[in-house]
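Novice: Fold the following and give me the result.
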Amino acid sequence: MKKRALTLLLALAMIVTLAACGGGGGGPAGSYKMTRMSASGLDMDIEQLSSMAGMDISVTLELKSDGNFALDMSALGTGQNLSGTWTSSGNTVTLTSDGEDITATLNGSTLVMEESGQSLTFEKQ
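Specialist: Alright, predicted model coming up:
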């Protein structure tokens with residue numbers, strides 16, 4: 001009986017420890033900033049991209065806890081916004097806007113969108 005109680009106590013302690021560590025604060029919801037872009041054989045971080053374009057570039061993705069998302073892209077004080085809904089299953093996050101889906105892979109705090117040989121990498125803030 002004592003052995004079973006000790007085993008149960010250790011299992012409970014492990015569960016509490018894992019819950020306290022968190023796994024990224026409740027899943028994919030949160031704010032992400034684009035840090036890398038790969039396209040046509042070029043791979044560059046956001047600073048290199050800004051330098052090459054000759055302007056500051058900022059791309060942020062907000063995955064809201066209510067299942068909506070907002071993607072804000074700005075350069076030289078002008079911006080474009082895209083919004084829609086998102087869902088997740090395992091390490092796959094699907095963004096849906098205007099009837100089109102974009103899938104991304106979540107690995108820890110990194111979200112990578114890939115399509116047609118191009119990719120955008122976002123880091124959770």
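
Novice: Distance check, the most centrally placed residue in the chain against Gly117.
Specialist: The centroid of the chain falls nearest to Leu111 when counting by CA atoms, centre = their mean (3.6 Å). Separation of Leu111 from Gly117 (CB to CB, to the nearest Å): 18 Å. C-beta coordinates here come from the backbone N, C-alpha and C atoms, glycine included.

Novice: same thing with Thr96?
Specialist: Distance from Thr96 to Gly117, by CB to CB: 22 Å.

Novice: Kindly report the same for Asn68.
Specialist: Asn68 is 29 Å from Gly117, where distance means CB to CB.

Novice: Those two: which has the busier surroundings?
Specialist: Asn68 (12 against 9; other CB atoms under 10 Å).

Novice: Give me the phi and psi for that one.
Specialist: Dihedral pair for Asn68: phi -100, psi 160, per degrees, to the nearest 10.

Novice: Check which element follows the longest strand along the chain along the chain.
Specialist: Within the chain, and with DSSP state E defining each element, the longest strand by residue count is strand 78-89. Per DSSP states H and E, the first helix or strand lying C-terminal to strand 78-89 is strand 92-97.

Novice: can you give me the strands in the chain?
Specialist: According to DSSP E, the chain carries its strands in the segments 30-39, 42-45, 57-63, 68-75, 78-89, 92-97, 100-107, 110-115, 118-124.

Novice: before we move on, the earlier item: direction included, what does the longest strand of the chain pair against?
Specialist: Applying DSSP bridges, strand 78-89 is found paired with strand 68-75 (antiparallel), strand 92-97 (antiparallel).

Novice: Done for today, thanks.
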